[in-house]
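Chemist: Sequence plus the predicted model coming up.
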Amino acid sequence: MAEPSRILVVDDELGPREALRLILQDHYEIATAQNGHQALDHLADREFDLVIMDIRMPGINGIDLLAEAKKKAPDTEVVMITAYASVETAASALRHGALDYLIKPFDRKLVLDVVQKGLIRRAESRKIKGRLEELQLVNQSLRHEIERASINIQRHYLETVSSLVAAIDAKDSYTKSHQERVVMFAMLLGAELGLSAGELGVLQQAAVLHDIGKIGVPEQILRKPEHLIPEEFDVIKQHPVIGAEIISPVRFLSEVVSIVLHHHERFNGGGYPDGLKGELIPLGARILAVADAVDAMLSNRPYAPAKTVAQVHEELRRCSGTQFDPQLVRAALKMDLPSRRIR
Ligand SMILES: [Fe+2]
């Protein structure tokens, strides 16, 4: 059997207090208080479904007590008692959140009706509150599910991108070891510039993925041993754009996109795809440009033999401020470069 509803009766006069107890005690659990302070103690101790309180009491009057009770337990229904059917006080009580008012002396049926109405309203508001809490939980778990699904999609996408990198490796054997060394040089340059761990992480991802767009370049152009004709070079020049397009759907690679897109810009604005100049080129892209070129110069390419470390240094100095950011040339000159490499 459900527990009986709990009702608190607050009146400084014994007569009305006991009258209400007699009317209600067969149906409900009743507690009584002689003044506002006692009532607040009761309310602090336990939860009541309904409070019936006199408007005129010494000390804390009914209107103030009503406000306090609503502050402590907003769902608790309150019925006011008044000696006169004063529209003004009744209106004030209702304005402060009381459900209704009873006039002394009490009419038994009216008291039971008003109390029942209050308890029904209390039960309904609790039900609505419970439903709202349930909905909030459902909402929260849906949000978590969406977040998890989105992370999964991104992870799968990244796996796809990684397998694309592997596919390019297969297409152009130069690319794989080149990519690993570009990562290494980029990290050395980033550390020399004092980049944070987070910035180095972004730079590392960009270095891994910088040539991902070569997947869109025909194999005969990628593997061509002779110098490229302008039309072929135009195709090659698309790879940063294609690469940026490939990784742009991956939210956690958002900072990597612009580095990949601009890794062939030149410091003097003569690069591609956008001809960006100086510090308008993202720092990560300026770093990759140097790391990329240093490794290319140290490697035997189809159209040029590997340079010595001294030749690489000379070339870096020659292109400082034109192809490369001068501060990165200074950093690169401090790097301990491996001597001539045979790939
Ligand atoms: Fe590239």
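Modeler: Arrived safely, thanks for sending.
Chemist: okay, now I287: neighbour count?
Modeler: By the criterion of other CB atoms under 10 Å, I287 has 31 neighbours. In this view, the C-beta of every residue, glycine as well, is placed from N, C-alpha and C.
Chemist: And the one 4 residues further on, by the same measure?
Modeler: Residues contacting A291 under the criterion other CB under 10 Å number 27.
Chemist: Could I get the contacting residues of it?
Modeler: The neighbours of A291, taking CB atoms under 8 Å, 6 or more residues apart in numbering as the test, are V182, F185, A186, L189, A207.
Chemist: residues of the strand or helix carrying the third one that come out buried?
Modeler: In this structure, A186 sits in helix 173-192 according to DSSP states H and E. If you call a residue buried by 16 or more other CB atoms under 10 Å, then helix 173-192 has these buried ones: 174-175, 178-179, 181-190, 192.
Chemist: who does whatever helix or strand comes next after it touch, helix- and strand-wise?
Modeler: Counting by DSSP H and E, the next helix or strand C-terminal to helix 173-192 is helix 197-209. In terms of contacts (3 or more CB pairs under 8 Å, 6 or more residues apart in numbering; DSSP states H and E), helix 197-209 is packed against helix 108-171, helix 173-192, helix 254-261, helix 283-298.
Chemist: Turn those into a markdown table, columns for mean pLDDT and distance to L20.
Modeler: Shown next, in a markdown table, are the helices and strands packed on helix 197-209 (pLDDT from 0 to 100; distance: least, CB to CB, whole Å):
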| stretch | mean pLDDT | distance to L20 |
| --- | --- | --- |
| helix 108-171 | 86 | 7 |
| helix 173-192 | 84 | 79 |
| helix 254-261 | 94 | 67 |
| helix 283-298 | 95 | 77 |
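Chemist: from the chain's centre, how far out does stretch 183-199 sit?
Modeler: Centre-to-centre, stretch 183-199 and its host chain are 28 Å apart (CA atoms, centre = their mean, to the nearest Å).
Chemist: which residues touch that stretch?
Modeler: Contact with stretch 183-199 is made by 200, 203-204, 206-208, 283-284, 287-288, 290-291, 294-295, 327-328, 331-332, 334-335, as judged by CB under 8 Å, 6+ apart.
Chemist: Now list the buried members of the residues you listed.
Modeler: Using 16+ other CB under 10 Å, the buried ones in the contacts of stretch 183-199 are 200, 203-204, 206-208, 283-284, 287-288, 290-291, 294-295, 328, 331-332, 335.
Chemist: What are the buried residues along the strand or helix carrying L43?
Modeler: For L43, the host element (DSSP H and E) is helix 36-45. Neighbour counts over helix 36-45 (16+ other CB under 10 Å) mark G36, Q38, A39, L40, H42, L43 as buried.
Chemist: Could I get the contacting residues of the fourth one?
Modeler: Going by CB under 8 Å, 6+ apart, L40 touches I60, L65, E68, A69, K72.
Chemist: repeat that with 7 Å
Modeler: Counting by CB atoms under 7 Å, 6 or more residues apart in numbering, L40 touches E68.
Chemist: Would you mind measuring from it to L8?
Modeler: Separation of L40 from L8 (CB to CB, to the nearest Å) stands at 10 Å.
Chemist: How about A206?
Modeler: Separation of A206 from L8 (CB to CB) stands at 68 Å.
Chemist: same question, Q311
Modeler: Separation of Q311 from L8 (CB to CB): 94 Å.
Chemist: Comparing these two, which shows the higher neighbour count?
Modeler: Taking other CB under 10 Å, Q311 and L8 do not tie; L8 has more neighbours (23 against 13).
Chemist: contacts for whatever helix or strand the more buried one lives in?
Modeler: Under the criterion of DSSP H and E, L8 resides in strand 6-10. Strand 6-10 is contacted by residues 17, 20-21, 24, 28-33, 39, 42, 48-54, 65, 115 when judged by CB under 7 Å, 6+ apart.
Chemist: one more time with 8 Å, if that's ok
Modeler: Strand 6-10 has contacts (CB under 8 Å, 6+ apart) with 17, 20-21, 24, 28-36, 38-39, 42-43, 46-54, 57, 62, 65, 115.
Chemist: now do stretch 24-38
Modeler: 3-12, 17, 20-21, 39, 41-42, 48, 57-61, 64-65, 68, 111-112, 115.
Chemist: For it, buried residues please.
Modeler: L24, Y28, I30, A31, T32, A33, Q34, N35, G36, Q38.
Chemist: okay if I get the contacts of A291 as TSV plus distance to S141?
Modeler: Below are those laid out as TSV (distance: CB to CB, whole Å):
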residue	distance to S141
V182	44
F185	46
A186	42
L189	46
A207	39
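Chemist: what's near enough to touch H96?
Modeler: H96 is in contact with I63, L66, A67, K70, counting by CB under 8 Å, 6+ apart.
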